[in-house]
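J.: Have a look; sequence and predicted model below, questions after that.
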Amino acid sequence: MYRWVLLAGLAFVPGFAQADPSALWKIVSGKCVPDEEKAHDPAPCSAVDLSAGAEKGTAVLKDINGVAQFLLMPTARIGGIEDPVILAPGATNYWDAAWKARHFVDERLHTTLPRNAVSLAINSTVGRTQDELHIHIDCVRPDVRDALASNLEKIGDHWAPFPVTLAGHDYRAIRIAGENLDAVNPFLVLADNDPLARADMGMHTLVVVGATFPGGSPGFVLLDDHANLPAGDRASGEQLQDHTCAVAETK
């Protein structure tokens, strides 16, 4: 196994105080991109897309944690949800790339997950260990899936508090229509509809969960939480994911 992958794994062990916050960037910039450029082999990443250039490219890496957890990252140096580059005109829609990379999860599980079993998450600056933007691609927690299903009709086209807590925290929710995210960037859904959030992006976490709305139309539920450190909320939306992928057994 590549030493780089081991480094990445250490970065995501909860409570691992000495994690290198640049470990992911070192993997992407030091191995995946050069290997793709020189030999068309993205290892240790699973995929590298440089079709629009390295400044707009993406890489997909299997995280050492979880049976099927993958990370979608830029091939440019972008700090995270707080980086203004993600809101700039013409910015890469990393969420769309992450959703389209969910097939790596399916391949690991030897099945095709229904859309409501798949989730994407990005943590806040105080709820992460890495200073390279990365979106977690993995199964949703079964209890979160069930809570969303039970309240799907209550989720509208504007941000509103979600009726029940998720992983012990209060989220707000909004629905997104569409089979994919090619026309909608969740970063902009947050920033363009909430001036306070735009000014404080780093303290937010976003989670996207696939959904099928009443009438059979495909879409997504977008969830947002704001860190509240005195209350013990670090805004780590990754907590809504299940790295054991139990939903694969109950799909």
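T.: Sure thing, it's come through. Residues are numbered from 1 along each chain as shown.
J.: For the helix or strand where residue 208 lies, name the packing helices and strands.
T.: If you go by DSSP states H and E, residue 208 is part of strand 204-213. Secondary-structure packing of strand 204-213 (3 or more C-beta pairs under 8 Å, 6 or more residues apart in numbering; DSSP states H and E): helix 94-100, strand 118-122, helix 142-150, strand 172-177, helix 186-191, strand 217-226. In short, each C-beta sits where N, CA and C put it, glycine included.
J.: Format these as TSV; extra columns: distance to residue 25 and mean pLDDT.
T.: As requested, the helices and strands packed on strand 204-213 are arranged in TSV below (distance: least, C-beta to C-beta, whole Å; pLDDT from 0 to 100):
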stretch	distance to residue 25	mean pLDDT
helix 94-100	15	98
strand 118-122	16	98
helix 142-150	30	98
strand 172-177	29	98
helix 186-191	19	98
strand 217-226	25	98
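J.: can I get these in a markdown table with mean neighbour count and distance to residue 133?
T.: Formatted as a markdown table, the helices and strands packed on strand 204-213 follow (neighbours: other C-beta atoms under 10 Å; distance: least, C-beta to C-beta, whole Å):
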| stretch | mean neighbour count | distance to residue 133 |
| --- | --- | --- |
| helix 94-100 | 22 | 7 |
| strand 118-122 | 26 | 7 |
| helix 142-150 | 17 | 23 |
| strand 172-177 | 18 | 20 |
| helix 186-191 | 20 | 10 |
| strand 217-226 | 22 | 17 |
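J.: circling back: what comes up buried for the strand holding residue 208?
T.: 204-211 (16 or more other C-beta atoms under 10 Å).
J.: from these, which is closest to residue 118?
T.: Distances from residue 118 to the buried residues of strand 204-213, taken as C-beta to C-beta, are shortest for residue 210 (5.0 Å).
J.: That closest one touches residue 105, doesn't it?
T.: No - counting by C-beta atoms under 8 Å, residue 210 does not reach residue 105; the two are 11.6 Å apart.
J.: which residues are in contact with both of these two?
T.: When contacts are counted by C-beta atoms under 8 Å, 6 or more residues apart in numbering, residue 210 and residue 105 have residue 118 as shared neighbours.
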